[in-house]
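J.: quick one, fold the following:
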Amino acid sequence: MFSFHGVSDLAQLIGMAVAPVFLLAGIAGFLNVMSARLGRIIDRARIVEVRVSRVSGEQRTISEREMVSLWRRVDIIHLSIALCAGAGLLVCALIAALFIAALWQLSADGLIVGLFVLALVLLIFSLLCLLNEIRLATRSLRAGFEYAEERSN
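T.: Sure, this is the predicted structure:
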């Protein structure tokens with residue numbers, strides 16, 4: 001592992017921590033995108049909720065179906081945010097482990113590798129959830145377009 005003997009060693013340690021910090025910045029960007037998507041879904045759900053209470057018949061059925069789809073998307077994007085935040089926390093723990101291991105001259109190679117791999121696994125699953133939410137949004141949009149096309153014929 002890394003042995004800590006002075007300011008030059010500290011500078012080298014900080015250099016080693018830069019890569020995980022860039023990963024953390026990327027994770028923060030993903031969280032920003034996901035939280036924006038969540039906000040838009042919730043805004044749309046509020047609009048559709050009002051519409052459900054005001055319409056009847058086929059329009060109500062369509063609106064209720066859209067509500068189900070919106071809440072499914074909320075669940076998926078929420079899971080994506082939780083996984084991404086978990087990845088960010090693991091990257092923070094990794095950076096802390098780098099400094100603690102150097103300061104106390106501990107061998108933490110396994111811990112550091114484990115934290116990094118686990119963070120990447122959580123990030124992968126988070127991005128898969130995001131892709132699934134986008135797929136549902138696209139399918140919902142397509143269904144609305146097909147309905148509008150049927151009504152115009």
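J.: helix or strand for Val98, which one?
T.: One correction, residue 98 is Leu, not Val. Assigning secondary structure by DSSP states H and E places Leu98 in helix 57-103.
J.: now for that helix, which elements pack on it?
T.: helix 7-54, helix 109-152 (3 or more C-beta pairs under 8 Å, 6 or more residues apart in numbering; DSSP states H and E). Placement of C-beta: from N, CA and C, glycine included.
J.: give me the angle between the shortest one and helix 57-103.
T.: Taking axes from the mean of the first three to the mean of the last three C-alpha atoms, to 10 degrees, one finds that helix 109-152 is oriented at 160 degrees with respect to helix 57-103.
J.: now render the helices and strands packed on helix 57-103 as TSV, adding distance to Ile81.
T.: Converted to TSV, these look like this (distance: least, C-beta to C-beta, whole Å):
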stretch	distance to Ile81
helix 7-54	5
helix 109-152	8
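J.: got the ones you listed as CSV, with mean pLDDT, mean neighbour count and distance to Arg72 columns?
T.: Below are the helices and strands packed on helix 57-103 laid out as CSV (pLDDT from 0 to 100; neighbours: other C-beta atoms under 10 Å; distance: least, C-beta to C-beta, whole Å):
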stretch, mean pLDDT, mean neighbour count, distance to Arg72
helix 7-54, 90, 14, 10
helix 109-152, 88, 14, 6
